[in-house]
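[1] Sequence first, predicted coordinates after that:
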Amino acid sequence: MRYVLMLCSDVSDETVAGQDPDMVGCGGWTEEMERRGILRGATGLRPSSDATTLRVRREEVLLTDGPFAETKDQIGGFSVIDCADLDEAIELAAAHPWARVGQIEIRPVWQP
């Protein structure tokens, strides 16, 4: 099964649990998942303040600066992994260093 791990934080874009997000890093987790053939892709995201939200209503494209919702929770990055099941995805996410400073949403991907 394929899962997306969304690396989230409930603090500002600039700090994660009192740390600069660029300094948190993944502590070798990414390299280990690549070595094991589990990781299908991963990247960090720019701050939500740099986002543009798009909606189409009555054939009109509406753009808004910023995230789609007013919230203090931020998605800072994501990883796509292939696992046997949710239990394995939970195990791998729990080993990710981000789980110790933020939270990780594990979401299955629709597959044909």
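    That came in fine, so what should we check first? Residues are numbered from 1 along each chain as shown.
[2] Pass me the low-pLDDT residue ranges in the chain, would you?
    For the chain, the stretches with pLDDT under 70 are 10-25, 66-73.
[3] Need the single longest helix in the protein, by residues.
    helix 86-95 (DSSP state H).
[4] what's next to it, contact-wise?
    The contact list for helix 86-95 (CB atoms under 8 Å, 6 or more residues apart in numbering) reads 1, 3, 5, 29, 33, 38, 81, 83, 99, 104, 106, 108. Glycine gets a C-beta too; all of them are placed from N, C-alpha and C.
[5] quick one: contacts of stretch 105-112?
    By CB under 8 Å, 6+ apart, stretch 105-112 touches 1, 2, 3, 4, 5, 6, 8, 80, 86, 89, 90, 93.
[6] follow-up on the earlier one: using neighbour counts, pick out the buried residues of the longest helix of the chain.
    Using 16 or more other CB atoms under 10 Å as the test for burial, helix 86-95 gives 89, 92, 93.
[7] can you give me the offset of that helix from its chain's centre?
    Put simply, helix 86-95 sits 14 Å off its chain's centre (CA atoms, centre = their mean, to the nearest Å).
[8] which neighbours does the next helix-or-strand element following it have in its sheet, and in what orientation?
    Sequence order places strand 103-108 as the next helix or strand after helix 86-95, per DSSP states H and E. Pairing partners of strand 103-108, with direction, according to DSSP bridges: strand 2-9 (antiparallel).
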